[in-house]
Each structure stands twice: as structure tokens, then as C-alpha cells.
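K.L.:
could you look at this predicted model? Sequence included:
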Amino acid sequence: MGSFREVEIVWSERLGSLRNVVRQQVIHRQLTNHTNTASTALDVGCGQGTQAIELAARGVEVTGIDPSRDLLETLAATAKERGVTVETLQGTLEDLDRLVGATKYDLVTAHGLMMYLDDPEAAVSALAARVAGGGTLSITFRNGAALAYRPGLRRQWQRALASFDATTYVNELGAEARAHTLEEMTAWCEASGLQVERWYGVRVLTDGVPADEIPDQHTLADCIAAELEAGSRDPYRHLGSQLHVIARAR
């Protein structure tokens, strides 16, 4: 699969785009519903730290792990501006033993990570091993059951036809990535001792907008409200660009 490092500059340039703002705010709101009692959190693939900083602002003791030194520096600078503290460690999922030892956390998050991994089942197992008893795993992944939806919205008919039954795709950053189904993720969670508590769609109604479109601040609140409703209701949530699974350790 493609490496996120190859497209990191493009990612950073688009942090303020409508697509990214919707994704980050929706995940944050969905996550808040399930983590009111968490006091410690591990954010794997934390990037610029949007979710880690929001958790820290709620009083959670957060450790963020990412391979990018530049993104970790952005996280640290933003955290300082917000007046919060996030521990940052440079590394990848494979470095967890070295970085955090046997530490377990009330909350473990992995957002925007699974699509770049060659062995997602092993990744879920590694993340689940860091969840404390009764704790929560929050994980997002590209929705493999709806890969044709975005090109369809954009009237890219040949791309839509090629996306049916596909398991890989080229994302908006230009990187080759992998998609998964809700059934696969549920099975991997259960095999790792986790019970799926709830799942949501992410970026259901706005997935077809151009990658560089900037939010209209006059309508953004209504946009987020509509996305939250769509992401939590059938049949709409099944069409989310990403799915957000909340799983609880037994």
C-alpha cells in the first residue's frame, strides 16, 4: 500500500479544507459520546493532533504517536496555543512495544491509519492489546462497501464502475490505499477480545465536494449537524466515506 509519508505535504496543505474539517469534527463528536470516563488515551497515527488535543482539553492524559516529526511539531505548537499537554512519541504501530511498553489505556484511537496498512487484522490486534479492561478502541477505516459512491457523486462514471467490488483505491492525496468492510472490522475486533458498541458513518453528505474546497463559515454548523445525523442513521451511515467503529474491551 501507499505510504502516508509520500503525501504528507498535500495532507498538511488541506487541513483547512471542508472535507477534513467535516471528518475531524464528526469523529470528535462521535467519540465524545463514548469516552466520558476515559482518563488516559493513546492516539496511534495522531498526525497534527486534532483529536489528541481535543481529548487533552477535556482533561484526558494523552500520548500521541506518529512517524512524522513535522506533524508532531505542529501538534506540540497547537497544544501550547490551546494551553494543554500531549505527550508525543515518534514512531509507528510496529514501535508500540518500544515506545510505551506494556502500558494500557482507557482509550486507544487509530483514525486514518488502517487504509495504509498491509495487515489490518494484526493492526487491530496490536491496538486492542493496549486497551485496558473495560476500555475503548476508536478506529476509522475507508468504507469498502461504498467505494463507488464518491466518483458517482462526481459523475466520474468509469471510475465508479471500476470501484464496485474493489478493495483498493487511490485516495484524494494521490496515494494507493486499502478499503475494508464493517463485517471485516467487526470480526477483527471480536477476535481481539473487543465487542463493537456502536458504529457511525463519516463524511456521508459531503464526500463528493472537491478536495480543496474551503468551508463556508456561515453554513458549517448546519453542515456538521447534518453530517452527524446522517452518520448515525440508517441507511445513510452505510454510505460514509469512512466508517467509525467504537469497540469495548470485554
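P.N.:
Arrived safely. The structure displayed is predicted, hence computed values, not measured ones.
K.L.:
what residues does L182 make contact with?
P.N.:
Residues in contact with L182 (CB atoms under 8 Å, 6 or more residues apart in numbering) are N143, A145, W199, L243, V245. No exception for glycine: its C-beta is placed from N, CA and C like everyone else's.
K.L.:
quick one: which of those is nearest A41?
P.N.:
V245 (16.4 Å; CB to CB).
K.L.:
show me where this structure dips below the pLDDT cut-off.
P.N.:
By pLDDT under 70, the low-scoring segments of the chain are 1-6, 11.
K.L.:
spatially central residue in it, please.
P.N.:
H111 (2.1 Å; CA atoms, centre = their mean).
K.L.:
next, count neighbours for Q51.
P.N.:
22 (other CB atoms under 10 Å).
K.L.:
what's the following helix or strand after the helix or strand that contains it?
P.N.:
Following DSSP states H and E, one finds Q51 within helix 50-57. The first helix or strand that comes after helix 50-57 along the chain, using DSSP H and E, is strand 61-66.
K.L.:
now do the buried residues in that next one.
P.N.:
Neighbour-count burial for strand 61-66, counted by 16 or more other CB atoms under 10 Å, picks out V62, T63, G64, I65, D66.
K.L.:
now do stretch 107-121
P.N.:
For stretch 107-121, using 16+ other CB under 10 Å, the buried residues are L107, V108, T109, A110, H111, G112, L113, M114, M115, Y116, L117, P120.
K.L.:
and which of those residues is nearest T136?
P.N.:
L107 (5.1 Å).
K.L.:
ok, back up a step: contact partners of the helix holding Q51?
P.N.:
With CB under 8 Å, 6+ apart, helix 50-57 has contacts from 24, 27-28, 31, 35, 38, 41, 43, 46, 62, 64, 75, 78-79, 82, 84-86, 107, 109, 111.
K.L.:
now those residues: which count as buried?
P.N.:
24, 27-28, 31, 35, 38, 41, 43, 46, 62, 64, 75, 78-79, 84, 86, 107, 109, 111.
K.L.:
now, those that are in strands?
P.N.:
A41, D43, V62, G64, V86, L107, T109 (DSSP state E).
K.L.:
now for these, which pair is the farthest apart?
P.N.:
V86 and L107 (13.4 Å).
K.L.:
if I look at V124, how far off is A187?
P.N.:
9 Å (CB to CB, to the nearest Å).
K.L.:
meant to ask about L89, not that
P.N.:
30 Å.
K.L.:
for these two, indicate the residue with more neighbours.
P.N.:
Using other CB under 10 Å as the criterion, L89 and A187 rank with L89 on top: 17 against 14.
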